[in-house]
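A.B. asks: sequence first, predicted model second:
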Amino acid sequence: MTTPFQPRARKVRILATLGPASSSPEMIRKLHEAGADAFRINMSHGDQASKVALFEAIRALEQEQRRPTTILVDLQGPKLRVGDFKGGAAMLAAGEAFALDRKETAGTAARVGLPHPELFAAVAEGDQLLINDGKIRLRVEQAGDERIDTRVEVGGRISDHKGVNLPGVVVPIPALTDKDRSDLQFALDQGADWIALSFVQRAADVAEARELIGGRAGLLVKIEKPSAIEHLDEILELADAVMVARGDLGVELPPEEVPRAQNRIVAEARRLGKPVVVATQMLESMITAPTPTRAEVSDVANAMYDGADAVMLSAESAAGDYPVEAVAMMDRIGRSVETDPIYYERVHFTETPAEATTADALSESAAQIVNIIGARAMACYTSSGSTARRIARERPPVPILVMTASLAVARRQGLLWGAHAVHTRDVRSFEEMVEKAKRMALRHRIVAGGERMVVMAGVPFGKSGSTNVIHVVTLTGDELQRHRG
């Protein structure tokens, strides 16, 4: 019989992106063993057929390891790009005029087609257009229905289909394209646990995706646009989780404003008790090097000190030369940070005031009880995952054993700070729940004989959002012996 899986030695979760460097079952296993708690499947690259094998490999690993494993599918979203150039590229010089128009002819150093008619009415004189992740900067001098005249502020080589960003402009494009709708249905059919929504600008974008998902997966919103930050409260209210997507956000905001935006997004998500992921360029140098820079290590550590639920690897694990080493490094950073005596002081800098509900009041009290009596773990039985999220929001200094009869709920816990999810049979009474909590805590080596654990649940069972009981149990030596027997 396989030994039940044990909790990670850290509470911050690791989300690893799969790609050409990490698409085989063997490599996915290595990433999991190195510390990956969740896997990201990026729909921006490859077709749906190529993703089926990734789902199958992850689910086979999950069954073998008996550890609920999280799959996040990241939708591409609308990508704004310029058209083609004669010869594939052109050189733009600073100070020169450059136009974007609706013509389909190949571009030159003077103009290029822009196959997005809705943009022509959205921009105005003085707006900035960024090409190729901001490497080329254009200033709008005049905009009409057929042509946008600009002046090149920062020149350089521009080539076919490079991306276009419009900082500060609310682009009249829905967050879900026809491709996204197809990919979303595919992801749900394959059993994805989380759907990541790209290019969110306003709450209406989230509402549309939420309706299409229909509760079959969690909805994570990626904050990539300044307009999304302006509407952050309404967006987070509708989302189940959030990602600080520093790639596009770092293009559309001045670099010096990104840390402030990141801190605000993390703090708001923490207050709402919704998982927050920090992503992009976390260990960027490990795409080609076996070790990161000291600045990158500090960046990852600071996200953890701020209380992020998860940190994400992008190209480092998807296309880099050292995917396993990148996951292992992130794991080591997490374990080191969490043994720092000031870690729990830092994560509690963000105030997470309880709402006027029984569940919130009990979660806050339970975390205090853990500290006062020196309990070694917290446990909850949940049908929806809401109790686990409330407990995690308090950032207790002990593992959180999350028991649920729903495999879908168990799988979604891979983005939740400190959660150790166990898929188990339903319980019918409070006494049965307490006994199951003891057995699971011992079986998964979360506690040992003689140690105490704080248990939370809702009575009657099976009713979502009814958390109303705190119970302190002591695991006796006799129980430990019975379990081993």
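C.D. replies: Looks like it arrived, so ask away. Residues are numbered from 1 along each chain as shown.
A.B. asks: domain ranges for this protein?
C.D. replies: Split into domains by automatic domain parsing, the chain comes to 13-77+175-347, 86-165, 358-484.
A.B. asks: take those and write them to a markdown table, including distance to Phe5.
C.D. replies: (Glycine included, C-beta is placed from N, CA and C.) As requested, the domains of the chain are exported to a markdown table (distance: least, C-beta to C-beta, whole Å):
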| stretch | distance to Phe5 |
| --- | --- |
| domain 13-77+175-347 | 4 |
| domain 86-165 | 40 |
| domain 358-484 | 7 |
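A.B. asks: do you know which of those domains lies nearest Pro7?
C.D. replies: domain 358-484 (4.2 Å; C-beta to C-beta).
A.B. asks: ok so, going back, wait, which of the domains of the chain is closest to Pro4?
C.D. replies: Once the domains of the chain are compared by C-beta to C-beta, domain 358-484 is nearest, at 4.9 Å.
A.B. asks: now the strands for the stretch 201-350 of the chain?
C.D. replies: Using DSSP state E, counting those that start in this stretch, the strands found in the stretch 201-350 of the chain span residues 218-223, 241-245, 276-279, 310-313.
A.B. asks: relative to the second one, what are the paired strands and their orientations?
C.D. replies: Each strand that pairs with strand 241-245, with its direction, by DSSP bridges: strand 218-223 (parallel), strand 276-279 (parallel).
A.B. asks: check contacts around Gly19.
C.D. replies: Gly19 makes contacts with 42, 45, 315, 317-319, as judged by C-beta atoms under 8 Å, 6 or more residues apart in numbering.
A.B. asks: picking that back up, any idea which of the strands paired with strand 241-245 is most buried?
C.D. replies: Of all these, strand 276-279 has the most neighbours on average by mean count of other C-beta atoms under 10 Å, namely a mean of 26.
A.B. asks: residues in contact with that strand: which ones?
C.D. replies: Strand 276-279 has contacts (C-beta under 8 Å, 6+ apart) with 15, 220, 241-247, 262, 265-266, 269-270, 303, 308-312, 314, 415.
A.B. asks: please pick the buried ones from these.
C.D. replies: 15, 220, 241-246, 262, 265-266, 269-270, 303, 308-312, 314, 415 (16 or more other C-beta atoms under 10 Å).
A.B. asks: beyond the top helix by length along the chain, next helix or strand please.
C.D. replies: For the chain, the helix that runs over the most residues, judged by DSSP state H, is helix 48-65. Once helix 48-65 ends, the next helix or strand along the chain (criterion: DSSP states H and E) is strand 70-74.
A.B. asks: for the record, mean pLDDT for that next one?
C.D. replies: For strand 70-74, the mean per-residue pLDDT is 98.
A.B. asks: other SSEs contacting that strand?
C.D. replies: The contact analysis (3 or more C-beta pairs under 8 Å, 6 or more residues apart in numbering; DSSP states H and E) places strand 70-74 against strand 38-42, helix 178-190, strand 194-197, helix 407-412.
A.B. asks: note down every partner strand of that strand and its orientation.
C.D. replies: strand 38-42 (parallel), strand 194-197 (parallel).
A.B. asks: just say which of those is most tucked in.
C.D. replies: strand 194-197 (a mean of 27).
A.B. asks: what residues does it touch?
C.D. replies: 38, 40, 70-75, 77, 175-176, 184, 187-188, 205-206, 209, 213, 217-222, 240-241, 243, 412, 415.
A.B. asks: let's see that strand as CSV, backbone CA atoms only.
C.D. replies: Extracted in CSV, the C-alpha atoms of strand 194-197 (Å, rounded to 0.1, in the frame of the first residue of the first chain):
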residue,chain,number,x,y,z
TRP,A,194,-9.2,26.7,-12.6
ILE,A,195,-9.7,28.9,-15.6
ALA,A,196,-7.5,31.9,-15.9
LEU,A,197,-9.1,34.9,-17.7
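A.B. asks: rewinding a little: could the strands paired with strand 70-74 go into CSV alongside distance to Pro275 and mean pLDDT?
C.D. replies: Output for the strands paired with strand 70-74, formatted as CSV (distance: least, C-beta to C-beta, whole Å; pLDDT from 0 to 100):
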stretch, distance to Pro275, mean pLDDT
strand 38-42, 10, 98
strand 194-197, 9, 98
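A.B. asks: so which of those strands gets nearest Ala392?
C.D. replies: Of all those, strand 38-42 sits nearest to Ala392, with 14.8 Å by C-beta to C-beta.
A.B. asks: give me the residues contacting that closest one.
C.D. replies: 13-19, 28, 31, 51, 54-55, 58, 69-74, 187, 192, 194, 196, 310, 312, 318, 414-415.
A.B. asks: mind doing that once more with 6 Å?
C.D. replies: For strand 38-42, contacts defined as C-beta atoms under 6 Å, 6 or more residues apart in numbering pick out 15-18, 51, 54, 58, 70-74, 414-415.
A.B. asks: from these, which two are the most distant?
C.D. replies: Pairwise over the contacts of strand 38-42, using C-beta to C-beta, the maximum falls at Lys51 and Leu415, 19.5 Å.
A.B. asks: measure Val297 to Gly334 for me?
C.D. replies: 11 Å (C-beta to C-beta, to the nearest Å).
A.B. asks: looking at the two, which is more packed in?
C.D. replies: Of the pair Val297 and Gly334, Gly334 is the one with more neighbours under other C-beta atoms under 10 Å, namely 22 against 18.
A.B. asks: relative to Gly215, how far out is that one?
C.D. replies: In terms of C-beta to C-beta, Gly334 sits 31 Å off from Gly215.
A.B. asks: what does Gly46 give?
C.D. replies: Gly46 sits 27 Å away from Gly215, going by C-beta to C-beta.
A.B. asks: tell me which of those two has more neighbours.
C.D. replies: Gly46 (14 against 10).
A.B. asks: figure out the helix or strand that the more buried one lives in.
C.D. replies: Using DSSP H and E, Gly46 falls within no helix or strand.
A.B. asks: centre of the chain to stretch 303-311, how far?
C.D. replies: The chain centre lies 11 Å from the centre of stretch 303-311; the measure is C-alpha atoms, centre = their mean, to the nearest Å.
A.B. asks: do the same with stretch 423-434
C.D. replies: In terms of C-alpha atoms, centre = their mean, the centre of stretch 423-434 is set 31 Å apart from its chain centre.
A.B. asks: now do the buried residues in it.
C.D. replies: By neighbour count with 16+ other C-beta under 10 Å, stretch 423-434 contains the buried residues 423, 427, 430, 433-434.
A.B. asks: in the chain, which residue is most central in space?
C.D. replies: Geometric centre of the chain, nearest residue: Val277, 3.9 Å, by C-alpha atoms, centre = their mean.
A.B. asks: which per-residue confidence value corresponds to that residue?
C.D. replies: 98.
A.B. asks: what pairs with it across the strands?
C.D. replies: Going by DSSP bridges, Val277 forms beta bridges with Met243, Ala310.
A.B. asks: what about it, distance to Glu153?
C.D. replies: Val277 sits at a distance of 33 Å from Glu153 (criterion: C-beta to C-beta).
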